[in-house]
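1. sequence unavailable; structure follows:
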């Protein structure tokens, strides 16, 4: 049952239902925690050997050992932020397993932790760590007073976040395990596949159902009594013009005709991005289909040359690793005889004969190519249209393939349809939709996980909705909306959709990519009407004019009254007054590096950190060359104070050079782009946080300051947008004490006087 000795509790494949946050008891929370923890570990018993833990089933994902340890670390991190934990368990592991990778492009370079040179701990060491964490979280649940209802403001929300994160990773880890070489997985006790067909099967002709124009409400009520991620809130009303969509998710059989007519070889069906992905990936069919032609797998590192598509023994029809389905295909015997042996199907634990009536699992690019191949103005549904297909009430688990009712997809006609005639709008397989991922109007990130959703609101992610067979519950699947890059594989399929009246655009959300040519993949009469700026205000800093403005503010004046010169001098006074240690300093919100360079005159090691990619790139260029050209901007080009001087002559931009301060040893300075303060940032004598006016969640950038400074270290918080110590005290006072406050008076390029509030904090 446990060949690699990874279980720290009982083996189970039976998930509990989602907790009600308004009336759950401690006993129920404890039971749910134990169940989620055991479910995740039990999934990893599919791995047949320890070697499999150190493989990369996906070329742009980390080895599986990371995902085995990761969920335990998230409990520790979130409970620490919420104040429910006071000490760390194993800070080395809590840093190593904190952060995965989210590649920007399908051809990104593999992460350094994917190679054989990176030293991961043994499976036994990680299992022991998970056991320690399990005991600790149990104790926190038992010892912490429970006040109901548990809301987003409650410390208990961090516990529920850890629980839901664990259940989420059961699904994402399952996608990875399913891509391992077949000799690295095994059939496990209690694993139950669905039948390949149901009743008379599914007609190959795609049945369409019409939905009249309607008003729909998307999103989750703030007071709904289950845990939710920040991107699920608040509710929003949308008008949905009449449309028609396929009653069923597109099946493997229906997608086969696209493959069989060389759909993967014909450029005209693919978007520009999709064709580039397909060409790079050398994809010839969906990722979980297995042929006999040696196709390139999606694996990485030392599995990069592995292929799932090897010649098979023709007598081995339904059994691999002792794994079989509960039925045979009888819906279309002629089709089965003609095409049944061209492809087999990879499940979690083995290979089976192709389940033609199960939903095809593809990424967005493949789904979109199928729509284009079908022509007749077919597209994917929008998020609002997918909601319009559902029933009004939150669904029950019994009516849908969710929460591991089966350990696989099911035939698309197996569960009953919604009242409007659509099957599997909840469960079985997630659905790709046309919308770029963005927050709903009124979106607010959680300080516990500030970059959970916001980092994906960049126009490069699309949404999947509805949940799959392994998703937590009907209610969870009803409200869930996840962001994935369009080349990403999840247990996701799709259905066809098109507008009834082509004079009315569908209700789609499009988010422009910063500094990239727009390539929206849906045809609209009025594209501009559907474009939304990212709800993550931090992405606005990536605009070209923002860089020019920032360089002008930081380097346009090198006099002693400049903000950065004045702040440098004040920081020196603070250090001399409190700890007199000039070893290590962290500059949070470093932007284009002016303050970091100033500090390098006095400190031995300076780390400049910012969330903005182009600011960090500019800082690196300044470090390398000592200067960087920029264009001066007019006052009307600047959308927020402080204003800059008039800077055009005869209608042309004036170029100037940003030059680092004299007397700086640039070898003392390192720049890092990060969207939060991770565990790897620790042991600094001085931390300066001076970018709060630019972030979407101030608390998220403050709550870990106590852990970043040394026991005798100092944290300096600079607020230029009106925040004072009164605003900071509720966030910082549980771990730090206020030891000083002052105002910084400075002038910028136009010599206008400004003021910033400075507070100084030390450990209690």
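-> Great, that's in hand. Everything numeric here is computed off the predicted structure, so don't read it as measured data.
2. ok, which stretches of the stretch 1-150 of the chain are helices?
-> Using DSSP state H, counting those that start in this stretch, the helices of the stretch 1-150 of the chain run over 26-43, 64-81, 91-96, 123-143.
3. show me which residues of the first one are buried.
-> Okay, so that is helix 26-43. Across helix 26-43, burial judged by 16 or more other C-beta atoms under 10 Å covers 29, 32-43. All C-beta spots, glycine's among them, are computed from the backbone N, C-alpha and C.
4. and it, what's its mean pLDDT?
-> When pLDDT is averaged over helix 26-43, the result is 98.
5. chain center to that helix, what's the gap?
-> The chain centre lies 23 Å from the centre of helix 26-43; the measure is C-alpha atoms, centre = their mean, to the nearest Å.
6. next: the last one.
-> Relative to the mean C-alpha coordinate of its chain, helix 123-143 is positioned 25 Å out (C-alpha atoms, centre = their mean).
7. do the shortest one as well
-> Helix 91-96 sits 21 Å away from the centroid of its parent chain (C-alpha atoms, centre = their mean).
8. report the buried residues of that helix.
-> Quick answer for helix 91-96 (16+ other C-beta under 10 Å): 93, 94, 95, 96.
9. tell me what that helix is packed against?
-> Judged by 3 or more C-beta pairs under 8 Å, 6 or more residues apart in numbering; DSSP states H and E, helix 91-96 is in contact with helix 64-81.
10. repeat the analysis, applying 10 Å as the threshold.
-> For helix 91-96, the elements it packs on are helix 64-81, helix 123-143, judged by 3 or more C-beta pairs under 10 Å, 6 or more residues apart in numbering; DSSP states H and E.
11. number of nearby residues for the nearest residue to residue 307 once chain neighbours are set aside?
-> Leaving out its chain neighbours, the residue that sits closest to residue 307 by C-beta to C-beta, 6 or more residues apart in numbering is residue 294, at 4.9 Å. Other residues near residue 294 come to 11 when the count uses other C-beta atoms under 10 Å.
12. now, which of the buried residues of helix 91-96 sits nearest residue 284?
-> Of all these, residue 284 sits closest to residue 96, with 36.8 Å by C-beta to C-beta.
13. separation between that closest one and residue 40?
-> 18 Å (C-beta to C-beta, to the nearest Å).
14. ditto for residue 242
-> Separation of residue 242 from residue 40 (C-beta to C-beta) stands at 43 Å.
15. repeat that for residue 33.
-> Counting by C-beta to C-beta, the gap from residue 33 to residue 40 is 11 Å.
16. spell out which residues are contacts of both of these two.
-> residue 166 (C-beta atoms under 10 Å, 6 or more residues apart in numbering).
17. now name the helix or strand holding the closest residue in space to residue 231 that isn't next to it in sequence.
-> Among residues not flanking residue 231 along the chain, residue 453 sits closest, at 3.8 Å (C-beta to C-beta, 6+ apart). Per DSSP states H and E, residue 453 falls inside helix 451-454.
18. which strands and helices sit next to that helix?
-> Checking 3+ C-beta pairs under 10 Å, 6+ apart, helix 451-454 ends up next to strand 481-485.
19. the strand it packs on pairs with which strands, and in what direction?
-> Next to strand 481-485 in the sheet, as set by DSSP bridges, lie strand 461-465 (antiparallel).
20. next secondary structure element downstream of the partner strand?
-> For strand 461-465, the succeeding helix or strand toward the C-terminus, using DSSP H and E, is helix 474-479.
21. let's have the helices and strands packed on helix 91-96 in CSV, adding mean pLDDT, distance to residue 232 and mean neighbour count.
-> Below are those laid out as CSV (pLDDT from 0 to 100; distance: least, C-beta to C-beta, whole Å; neighbours: other C-beta atoms under 10 Å):
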stretch, mean pLDDT, distance to residue 232, mean neighbour count
helix 64-81, 97, 17, 24
helix 123-143, 98, 24, 17
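22. wait, which of these is closest to residue 261?
-> Nearest to residue 261 among the helices and strands packed on helix 91-96 is helix 64-81; the distance by C-beta to C-beta comes to 36.6 Å.
23. got the angle for that closest one vs helix 26-43?
-> 160 degrees (axes from the mean of the first three to the mean of the last three C-alpha atoms, to 10 degrees).
24. hmm, back to that, look up how far residue 444 lies from the residue nearest to residue 231.
-> With C-beta to C-beta as the criterion, residue 453 and residue 444 are 10 Å apart.
25. neighbour count: those two, which is higher?
-> Neighbour totals were compared for residue 453 and residue 444, and residue 453 leads with 24 against 13 (other C-beta under 10 Å).
26. isn't the more buried one right up against residue 229?
-> Yes - using C-beta atoms under 10 Å, residue 453 makes contact with residue 229 at a distance of 6.6 Å.
27. common neighbours of the two, please.
-> Residues within reach of residue 453 and of residue 229 at once, by C-beta under 10 Å, 6+ apart, are 445, 446, 481, 482.
28. quick one: low-confidence ranges for this structure?
-> 102-116, 312-332, 474, 633-653, 749-751 (pLDDT under 70).
29. try it again at 50.
-> Counting by pLDDT under 50, the chain has low-confidence residues at 314-320, 322, 327-329, 635, 638-651.
30. wait, residue 692 touches residue 611, no?
-> No - counting by C-beta under 10 Å, residue 692 stays clear of residue 611, with 11.9 Å between them.
31. any shared contact partners between those two?
-> Counting by C-beta under 10 Å, 6+ apart, the contacts common to residue 692 and residue 611 are 588, 589, 701.
32. distance of the residue nearest to the last one when sequence neighbours are not counted from residue 344?
-> When you say that, I think you mean residue 701. Counting by C-beta to C-beta, 6+ apart, residue 701 lies nearest to residue 695, which is 5.4 Å off, once chain neighbours are set aside. Going from residue 695 to residue 344 by C-beta to C-beta gives 50 Å.
33. do residue 61 as well
-> Residue 61 sits at a distance of 24 Å from residue 344 (criterion: C-beta to C-beta).
34. more neighbours, these two?
-> Comparing residue 61 with residue 344 by other C-beta under 10 Å, the one with more neighbours is residue 61, at 27 against 24.
35. name the helix or strand for the residue lying closest to the more buried one once chain neighbours are set aside, please.
-> Excluding the flanking residues, the one nearest residue 61 by C-beta to C-beta, 6+ apart is residue 176, at 6.0 Å. Element membership for residue 176, per DSSP H and E: helix 156-177.
36. so which elements touch that helix?
-> Using 3+ C-beta pairs under 10 Å, 6+ apart as the test, helix 156-177 ends up in contact with helix 26-43, helix 64-81, helix 123-143, helix 474-479, strand 481-485.
37. could you redo the last one with a cut-off of 7 Å?
-> Packing partners of helix 156-177 (3 or more C-beta pairs under 7 Å, 6 or more residues apart in numbering; DSSP states H and E): helix 26-43, helix 64-81.
38. find the residues that touch each one of residue 453 and residue 444.
-> Common contacts of residue 453 and residue 444 (C-beta atoms under 7 Å, 6 or more residues apart in numbering): residue 230.
39. the strands in the stretch 451-600 of the chain, which residues?
-> Residue ranges of the strands in the stretch 451-600 of the chain, as given by DSSP state E, counting those that start in this stretch, are 461-465, 481-485, 492-493, 497-499, 584-588.
40. now the ones you listed as CSV including mean neighbour count and distance to residue 572?
-> Below are the strands of the stretch 451-600 of the chain laid out as CSV (neighbours: other C-beta atoms under 10 Å; distance: least, C-beta to C-beta, whole Å):
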stretch, mean neighbour count, distance to residue 572
strand 461-465, 25, 43
strand 481-485, 22, 43
strand 492-493, 28, 54
strand 497-499, 20, 62
strand 584-588, 27, 11
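41. ok, which of those strands comes nearest residue 353?
-> Proximity to residue 353 (C-beta to C-beta) singles out strand 492-493 among those, at 19.3 Å.
42. from the chain's centroid, how far away is that closest one?
-> Worked out by C-alpha atoms, centre = their mean, strand 492-493 lies 17 Å from the chain centre.
43. what pairs with that strand, parallel or antiparallel?
-> Here, using DSSP bridges, strand 492-493 pairs with strand 430-436 (parallel).
44. ok, and what's touching the strand it pairs with?
-> 364, 367, 379-383, 386, 459, 461-468, 490-495, 508-511, 522.
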